[in-house]
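>>> Structure of the sequence below:
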Amino acid sequence: MRIFVAGATGVLGRRLLPLLLAEGHQITALTRKPGTVLPDVETVQADVFDRASLIEAVQQAQPDVVMHQLTDLAGRDFAANARIRITGTRNLVDAAEGVRKIIAQSIAWMYAPGAGPATEDVPLDPDRDVAAVEALENTVREAPEWVVLRYGLFYGPGTWYHTDGLMADAARKGELIATGDVSSFVHIDDAASAAVAALGWKSGAVNVADDEPAAAHDWLPAFCSSVGAPPPGQATDRNPWARGADNRRARQLGWVPRFPSWRTGFGA
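Sure, this is the predicted structure:
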């Protein structure tokens with residue numbers, strides 16, 4: 001299968017490429033950095049905000065599938081990331097005209113409030129700023145076939161939740177507070193394996209998270225311990241939308257995470 005990977009040099013993309021190559025796929029990897037050459041794949045340079053160059057890159061690759069793993073969060077610039085989701089996705093989907101399938105990275109913590117972890121059938125929260133996420137997902141749905149991967153919080157090498165990551169630094173400074181907010185996590189390697197598995201999935205949104213949504217009262221002390229930070233402060237407040245995500249659909253589709261819980265994943 002010919003696969004065009006947008007976001008190939010990101011934290012998830014770097015783990016995704018070897019998995020795709022191991023399955024025998026022909027990869028075209030998109031990068032915006034001049035001179036970047038990735039091993040064992042065809043590397044092309046284009047900017048997702050330059051429609052003409054992006055369309056040319058995708059058309060020349062003639063992929064069967066486009067994988068959208070683009071983000072812009074290195075500097076915690078949420079406006080830049082929203083632009084990627086809205087404008088970058090629009091340009092990428094337009095460039096992918098005639099491509100059979102698009103697989104895209106979304107998030108699993110924008111669901112409306114409710115009791116228990118949210119399934120994929122729960123609507124996004126109308127009281128929060130979900131415009132960029134809605135734009136990404138709605139645009140991707142224009143493809144003949146599509147899968148939206150609603151990921152939990154990434155942890156592991158290269159992510160914010162790692163020993164050298166942004167959240168570890170905040171934890172060591174005592175800036176993180178354990179509340180009743182419930183989150184779902186997914187190890188970055190498990191996130192990559194889900195993207196590969198999605199090649200065989202039918203169109204739809206799928207939560208990709210581990211088996212144990214948990215309140216920060218539970219997971220944050222474990223995270224702090226794993227990165228050498230002091231125990232966090234405690235608070236009783238909880239946002240009603242912070243409910244975690246139900247991963248049963250991904251499990252039913254055959255995805256098996258290597259780390260089914262952050263309890264073992266943080267330590268690893």
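
>>> Next, count neighbours for Thr9.
Residue crowding around Thr9 was assessed by other CB atoms under 10 Å; the count is 17. Backbone N, C-alpha and C define where each C-beta goes, glycine included.

>>> With adjacent residues omitted, what lies nearest to it?
Thr31 (5.2 Å; CB to CB, 6 or more residues apart in numbering).

>>> Wait, Val11 touches Thr159, no?
Yes. With contact defined as CB atoms under 8 Å, Val11 reaches Thr159; the gap is 5.9 Å.

>>> what's the average pLDDT for the helix or strand Ser193 falls within?
Taking DSSP states H and E as the definition, Ser193 sits inside helix 188-197. Per-residue pLDDT over helix 188-197 has a mean of 98.

>>> packing partners for it?
For helix 188-197, the contact count by 3 or more CB pairs under 8 Å, 6 or more residues apart in numbering; DSSP states H and E identifies helix 13-22, strand 145-151, strand 153-155, strand 204-208 as packing neighbours.

>>> returning to what we had before: which residues are in contact with each of Val11 and Thr159?
Overlap of the contact sets of Val11 and Thr159 (by CB atoms under 8 Å, 6 or more residues apart in numbering) consists of Ile188.

>>> Please, where are all the helices along the stretch 1-150 of the chain?
Under the criterion DSSP state H, counting those that start in this stretch, helices of the stretch 1-150 of the chain are mapped to 13-22, 51-61, 78-83, 89-95, 131-140.

>>> So for Ser261, which of those helices sits nearest?
Closest to Ser261 of the helices of the stretch 1-150 of the chain, according to CB to CB: helix 13-22, at 19.7 Å.

>>> buried residues in that closest one?
In terms of neighbour count (16 or more other CB atoms under 10 Å), helix 13-22 has its buried residues at 13-17, 20.

>>> circling back to that earlier point, mind putting the helices and strands packed on helix 188-197 in JSON lines, mean pLDDT included?
As requested, the helices and strands packed on helix 188-197 are exported to JSON lines (pLDDT from 0 to 100):
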{"stretch": "helix 13-22", "mean pLDDT": "97"}
{"stretch": "strand 145-151", "mean pLDDT": "98"}
{"stretch": "strand 153-155", "mean pLDDT": "98"}
{"stretch": "strand 204-208", "mean pLDDT": "98"}
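
>>> got JSON lines for those, with distance to Ala96 too?
What follows is the helices and strands packed on helix 188-197, written out as JSON lines (distance: least, CB to CB, whole Å):
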{"stretch": "helix 13-22", "distance to Ala96": "17"}
{"stretch": "strand 145-151", "distance to Ala96": "10"}
{"stretch": "strand 153-155", "distance to Ala96": "25"}
{"stretch": "strand 204-208", "distance to Ala96": "18"}
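
>>> lowest-pLDDT helix or strand in the protein?
Taking mean pLDDT, DSSP states H and E as the measure, the helices and strands of the chain show their lowest mean at helix 78-83, namely a mean of 92.
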